[in-house]
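[1] With the sequence up front, the predicted model follows.
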Amino acid sequence: MPQPAHPAAVNGLTLAQAEKIADAALAKGRELGLLPLCVQVLDAGGHVKVTKREDGASLGRPEVAMGKAYGALAMGFGTRELARRAQAMPGFTNALSDLTGGRAVPVPGGVLVRDANNVLLGAVGISGDASVKDEEACIAGIEAAGLVADHGDPA
């Protein structure tokens, strides 16, 4: 019988939480009639917990979804705020891109996942439709898992 993971080995989100987020986010996308989506759920250490790509989602969607989630984790706030900063400070955005090897995507659709005590558990990135619609699906998935979505705007 396999041994359960030691609590210290869990880095934020559990697999069950990540699966719930991904499934609920995709369900929200279907409810809204969005184009086919790809969702990436990362734990607090930036490791992939779940990737789901709907049938019909284009080739680059997993990388874009990863870039949104990674960008949120890298900066410590949702990519809605990162997008605002990209417009206001393009030099910073260029430097961030260089420093992260091009992995941070500064558009809405990357949302941090927190627990009720504001502890960072991970991030979700979605790509497939307009960025604000991708973000809406992220938030729905996180909230369906009973967690708090941190999209980059003050409460």
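    The structure has been received and is ready for your questions.

[2] how far out from the middle of the chain is the helix or strand bottoming out on mean pLDDT in the chain?
    Lowest mean confidence among the helices and strands of the chain (mean pLDDT, DSSP states H and E): helix 90-99, at a mean of 88. The chain centre lies 20 Å from the centre of helix 90-99; the measure is Cα atoms, centre = their mean, to the nearest Å.

[3] Quick one: list the elements packing against that helix.
    Packing partners of helix 90-99 (3 or more Cβ pairs under 8 Å, 6 or more residues apart in numbering; DSSP states H and E): helix 61-75, helix 79-88. Glycine gets a C-beta too; all of them are placed from N, C-alpha and C.

[4] So which of these is the most surrounded?
    helix 61-75 (a mean of 24; mean count of other Cβ atoms under 10 Å).

[5] Now do that one: everything it contacts.
    Applying Cβ atoms under 8 Å, 6 or more residues apart in numbering, the external contacts of helix 61-75 come out as 36-42, 44, 46, 48, 51, 53, 78-79, 81-82, 96, 100, 102-112, 122-128, 134, 152.

[6] change it to 6 Å
    With contacts defined as Cβ atoms under 6 Å, 6 or more residues apart in numbering, helix 61-75 is touched by 38, 40, 42, 46, 53, 78-79, 82, 100, 103-105, 109-110, 112, 123-128.

[7] Kindly report the same for stretch 139-146.
    So stretch 139-146 is contacted by 17, 20-21, 24-25, 28, 113, 149 (Cβ under 6 Å, 6+ apart).

[8] Now these in a markdown table, please, with extra columns for distance to residue 58 and pLDDT.
    Below are the contacts of stretch 139-146 laid out as a markdown table (distance: Cβ to Cβ, whole Å; pLDDT from 0 to 100):
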| residue | distance to residue 58 | pLDDT |
| --- | --- | --- |
| 17 | 27 | 97 |
| 20 | 25 | 98 |
| 21 | 22 | 98 |
| 24 | 22 | 98 |
| 25 | 18 | 98 |
| 28 | 20 | 98 |
| 113 | 25 | 97 |
| 149 | 25 | 96 |
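
[9] So which of these sit within helices?
    Applying DSSP state H to the contacts of stretch 139-146, the entries found in helices are 17, 20-21, 24-25, 28.
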